[in-house]
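**Student:** attaching a predicted model along with its sequence, questions to come.
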Amino acid sequence: MKQKLLECFAQQFGGEGEIRTYFAPGRVNLIGEHTDYNGGHVFPCALTIGTYMAARKREDRKLRFYSMNFEKLGVVESSLDDFQMGKENNWTAYPKGMMWTFGKKGYPVEQGMDIVLFGNIPNGSGLSSSASVEVVTGVMLRDMFGYDQLTNTDLALFGQYSENNYNGVNCGIMDQFAVAMGKKDCAIFLDTSNLSFEYAPVKLENARIVIASSNKKRGLGDSKYNERRSECETALAELQTVSSIHSLGELTTEAFEQIQSAIKDPVRVKRARHAVAENQRTVEAVKALKANDIKKFGQLMNESHVSLRDDYEVTGIELDTLVEEAWKCPGVIGSRMTGAGFGGCTVSIVENDAIDGFIEKVGTAYKEKIGYAADFYVVDIGPGAGVLA
Ligand code: GLA
């Protein structure tokens, strides 16, 4: 991959001078959905697919970007004096957002750059291609400008800041954290209330992680995301009139039931109930995994989907079809939507000798019902972002 990237760089921008290369993965969340902005736990892992970047400093303040995924766009030219928050109209919004964020946080980027990108995360699939671009840019800027004091956690926080403030999506910390901090064959059990975390080995014995992409074009998704977030904030404020909690993640299901009548709207009760129960499930699921109880882990994944479908209402017919068909297949240990929802992907744990049948069966049923095909990926868990060796 590095070779391909460097060849492309030489073709677009010339091969002279010091060109450095970097990688950041995509991520899949195993359980703990829509908990990261509610002070709860998440359990994502980094994938071996991701975003590759080659970069070289310039003597002026120009920025030249080329993506091997958007060849038709050609070289996109910009400059360090031209940050247009919320108004960028192509993928360069993500690297530019990070450069802008570095400046905001006291790590100025004072020299222009030529940059080539290549990503093998399926586009817009909900496997965090944007967080991957943000974090790979962060790793590049840290290296190029000698900001060695920045940790990967700092880069994750910069990525989230950039997404929130430059790109206008009010996301939590999960995606950028998973991308920056991933570890081979481990998922990250992260407490988003204080960013303390633990790596948990994902030992699935005779099973693997299979991702199914619904290929649904996301439209309203981002605005619905922000809507869910504010519903939770309102519910929290209502609960705070009767309780001294700081976040929904502090509540057990029982404690929630005792005070839920403080929430004035039944829809908001459902939203908050999901946030509370999903956090509890995530804690339970990690316990089960540590005890090698994969079956229990799978059951909790299934319950997570039901809650996201009925209480949080972020699934939709595409994700529901993929998951409900998966549940019917032999050898499926657990299956749920993953990521923000409204399209995107599902994640399933499937026994090795059932994988082919699973893809065949779910794929056929999906196409029949939805009218277009889903894509399937059997994935591996890889390390987090860094300089390419
Ligand atoms: C998106 C956001 C994350 C998280 C998930 C839902 O991926 O970027 O911060 O909220 O949705 O769990």
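**Tutor:** Great, that's in hand.

**Student:** number of nearby residues for residue 372?
**Tutor:** Applying other CB atoms under 10 Å, we find 10 residues neighbouring residue 372. From N, CA and C alone the C-beta is placed, and that goes for glycine too.

**Student:** sec struct for it, please.
**Tutor:** coil (DSSP: H, G, I helix; E, B strand; the rest coil).

**Student:** tally of neighbours for the closest residue to it other than its chain neighbours?
**Tutor:** Leaving out its chain neighbours, the residue that sits closest to residue 372 by CB to CB, 6 or more residues apart in numbering is residue 215, at 6.1 Å. Neighbour count for residue 215, taken as other CB under 10 Å: 19.

**Student:** surely residue 215 is in contact with residue 373?
**Tutor:** Yes - with contact defined as CB atoms under 8 Å, residue 215 reaches residue 373; the gap is 6.8 Å.

**Student:** which residue ranges of the stretch 151-300 of the chain form strands?
**Tutor:** In the stretch 151-300 of the chain, the strands defined using DSSP state E, counting those that start in this stretch lie at 186-191, 196-201, 207-213.

**Student:** show me which residues of the stretch 251-389 of the chain are close to the ligand?
**Tutor:** Residues of the stretch 251-389 of the chain lying close to the ligand (CB under 6 Å from any ligand atom) are 339-340.

**Student:** would you mind finding the longest helix in the chain?
**Tutor:** helix 266-290 (DSSP state H).

**Student:** and the angle for it with strand 196-201?
**Tutor:** Calculated by axes from the mean of the first three to the mean of the last three CA atoms, to 10 degrees, helix 266-290 forms an angle of 50 degrees with strand 196-201.

**Student:** ok, and the helix or strand in this protein with the lowest average confidence?
**Tutor:** helix 221-239 (a mean of 91; mean pLDDT, DSSP states H and E).

**Student:** give me the number of residues near residue 164?
**Tutor:** So residue 164, with other CB under 10 Å, has 15 neighbours.

**Student:** OK, contacts around the nearest residue in space to it that is not next to it in sequence?
**Tutor:** In this structure, residue 164 finds its nearest non-sequential neighbour in residue 170, 5.8 Å apart by CB to CB, 6+ apart. Applying CB atoms under 8 Å, 6 or more residues apart in numbering to residue 170 gives the contacts 37, 164, 225-226, 229.

**Student:** just put those residues in a markdown table and tack on distance to the ligand.
**Tutor:** A markdown table is the format used below for the contacts of residue 170 (distance: CB to the nearest ligand atom, whole Å):
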| residue | distance to the ligand |
| --- | --- |
| 37 | 6 |
| 164 | 10 |
| 225 | 7 |
| 226 | 11 |
| 229 | 8 |
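
**Student:** quick one: which of those residues is most hemmed in?
**Tutor:** residue 37 (21 neighbours).

**Student:** quick check: that residue touching residue 229?
**Tutor:** Yes - between residue 37 and residue 229 a contact is recorded at 5.5 Å, counting by CB under 8 Å.

**Student:** number of residues surrounding the residue in the stretch 201-350 of the chain that the ligand sits nearest to?
**Tutor:** Residue nearest to the ligand within the stretch 201-350 of the chain: residue 340 (3.5 Å; CB to the nearest ligand atom). By the criterion of other CB under 10 Å, residue 340 has 22 neighbours.

**Student:** when you give positions from now on, start the count at 4
**Tutor:** Right, with 4 as the first residue, what we last looked at is residue 343.

**Student:** quick check: longest strand of the chain.
**Tutor:** strand 47-60 (DSSP state E).

**Student:** now the angle from that strand to strand 199-204?
**Tutor:** 110 degrees.

**Student:** buried residues in strand 47-60?
**Tutor:** For strand 47-60, a neighbour-count test (16 or more other CB atoms under 10 Å) marks 47-50, 52-60 as buried.
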